[in-house]
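> model this:
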Amino acid sequence: MLRLTYQDAYKQTKSQEFEDLDAILLAFSSCITLPDYLKVLSLTEDEKDLGYTGSIGELYSFLQTINQERRLKKTR
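Modelled structure (predicted):
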C-alpha cells in the first residue's frame, strides 16, 4: 500500500492511499485533481519512506522512474 501525504492550499495535512504502484500511476496519469503546486510531505510504501521531496506536479515522473527500475529488476 502506498500513502501520499501532502499539504493542501489551506496548509492542512491530507493523505491518500493507493493499493499499489499501478494504482497511484493510474490516478496521476488521468483522474486525480490535485493542483501541481501542492507540497508532498511524504510518500511511503508499506510504511517505508520512498524518499520523495517535491510537489504533486513532479510526482508522476518520480513514480515512473520507480516503476521502470522495478520492471528492469524483474527481467534480470
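
> Show me the helices in this protein, by range?
21-26, 56-75 (DSSP state H).

> Compile those helices into a markdown table and extend it with columns for mean pLDDT and distance to K39.
Yep, even glycine has a C-beta here, placed from its N, CA and C like the rest. Output for the helices of the chain, formatted as a markdown table (pLDDT from 0 to 100; distance: least, Cβ to Cβ, whole Å):
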| stretch | mean pLDDT | distance to K39 |
| --- | --- | --- |
| helix 21-26 | 93 | 17 |
| helix 56-75 | 92 | 8 |
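
> Can you check which of those helices gets nearest to Q12?
helix 56-75 (14.6 Å; Cβ to Cβ).

> What is that closest one packed up against?
helix 21-26, strand 39-45 (3 or more Cβ pairs under 8 Å, 6 or more residues apart in numbering; DSSP states H and E).

> Show me what the last one is in contact with.
Spelled out, that is strand 39-45. 1-7, 13, 21, 49-56, 59, 62 (Cβ atoms under 8 Å, 6 or more residues apart in numbering).

> hang on, the earlier thing: and the helices and strands packed on helix 56-75: which comes nearest L72?
In terms of Cβ to Cβ, the element of the helices and strands packed on helix 56-75 nearest to L72 is helix 21-26, at 14.0 Å.

> For the closest one, name the packing helices and strands.
By 3+ Cβ pairs under 8 Å, 6+ apart, helix 21-26 packs against strand 2-7, helix 56-75.

> circling back to that earlier point, would you mind listing which of the contacts of strand 39-45 are buried?
By neighbour count, with 16 or more other Cβ atoms under 10 Å, those hold L2, R3, L4, Y6, L21, Y52, I56, L59, F62 as buried.

> Export those residues to CSV and append columns for distance to V40.
CSV is the format used below for the buried ones among the contacts of strand 39-45 (distance: Cβ to Cβ, whole Å):
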residue, distance to V40
L2, 12
R3, 11
L4, 7
Y6, 5
L21, 16
Y52, 6
I56, 6
L59, 6
F62, 9
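
> farthest pair in these?
Among those, Y6 and L21 lie farthest apart (Cβ to Cβ), at 17.6 Å.

> Could you dump the helices and strands packed on helix 56-75 into a markdown table and include distance to K74?
Converted to a markdown table, those look like this (distance: least, Cβ to Cβ, whole Å):
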| stretch | distance to K74 |
| --- | --- |
| helix 21-26 | 12 |
| strand 39-45 | 16 |
